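# Fold the stuff below for me.
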Amino acid sequence: MRLLIGLFMCCCLGGLISCGGEEEVKVLQLVSVEADVATVSEDVGSVSIKVFLDSPNLTGENINVIYATSGNVTIGDDYEKLRELVTIPINETEAFVTLNIIDDNVKEGNETFAISLANTNLPEGIGLGSNTFIITITDND
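Next up, the predicted model:
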């Protein structure tokens with residue numbers, strides 16, 4: 001598994017994260033998205049994307065996971081703006097990103113975009129597992 005920390009490419013092997021000579025950090029838990037790919041109709045309304053830890057959050061603090069979107073979709077035309085942050089509370093294992101899809105009357109092709117988790121600001125000991133969710137919105141016009 002490869003992780004991006006700041007501008008450094010890092011590698012996770014055997015539960016340790018090493019960043020080209022930087023200090024290794026022990027990874028105790030992984031935060032991931034539940035699925036990799038989904039295809040939904042434009043009139044679906046909303047999609048819930050599960051972000052989860054592989055065991056309960058025992059860090060003593062909420063885990064704020066930053067995510068970004070990319071692809072050939074437009075905020076306000078194809079989906080409502082997202083917070084770009086999901087919080088896994090103390091003692092919990094999951095949280096959800098709710099994506100509200102906009103059903104327009106424009107004839108267009110299928111649109112694909114990704115929601116990618118970032119490990120920026122994750123507490124020490126928390127790493128990334130499966131971190132990208134790809135969504136295809138099929139046109140219903």
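
# going forward, measure contacts and count neighbours with C-alpha atoms only.
Will do.

# Quick check: buried residues in stretch 103-122?
Across stretch 103-122, burial judged by 16 or more other CA atoms under 10 Å covers 103, 110-119, 122.

# Give me the lowest-pLDDT entry from those.
By pLDDT, N119 ranks lowest within those, coming in at 74.

# From what I see, it and S130 are in contact.
No: with contact taken as CA atoms under 8 Å, N119 and S130 are classed as non-touching, separated by 11.7 Å.

# Settle this for me: N91 is touching N57, isn't it.
Yes: checked against CA under 8 Å, the pair N91 and N57 is within contact range at 4.7 Å.

# more neighbours, these two?
When neighbours are counted by other CA atoms under 10 Å, N91 and N57 differ, and N57 comes out ahead with 20 against 14.

# quick one: contacts for the more buried one?
Under the criterion of CA atoms under 8 Å, 6 or more residues apart in numbering, the contact partners of N57 comprise 63, 88-93.

# where does this protein have low pLDDT?
Flagging of the chain using pLDDT under 70 yields the residue ranges 1-25.

# switch the cut-off to 50
Low-confidence regions of the chain, defined here as pLDDT under 50, cover residues 1-20.

# any idea where the helices of it begin and end?
For the chain, applying DSSP state H gives no helices.

# Name whatever forms a beta bridge with the residue most central in space within it.
When CA atoms, centre = their mean is applied to the chain, the residue found nearest the centroid is L117 (3.4 Å). When assigned by DSSP bridges, L117 has beta-bridge partners Y67.

# Next, find the distance separating it from V73.
L117 sits 18 Å away from V73, going by CA to CA, to the nearest Å.

# same deal with T93?
If you go by CA to CA, the gap between T93 and V73 works out to 30 Å.

# The protein: strands as residue ranges?
Under the criterion DSSP state E, the chain carries strands at the ranges 2-5, 8-13, 16-18, 25-26, 29-33, 37-41, 46-53, 63-71, 85-88, 94-100, 111-118, 126-128, 132-138.

# Those: which one's closest to Y79?
When the strands of the chain are compared by CA to CA, strand 94-100 sits nearest Y79, at 5.6 Å.

# Good, we can wrap up now.
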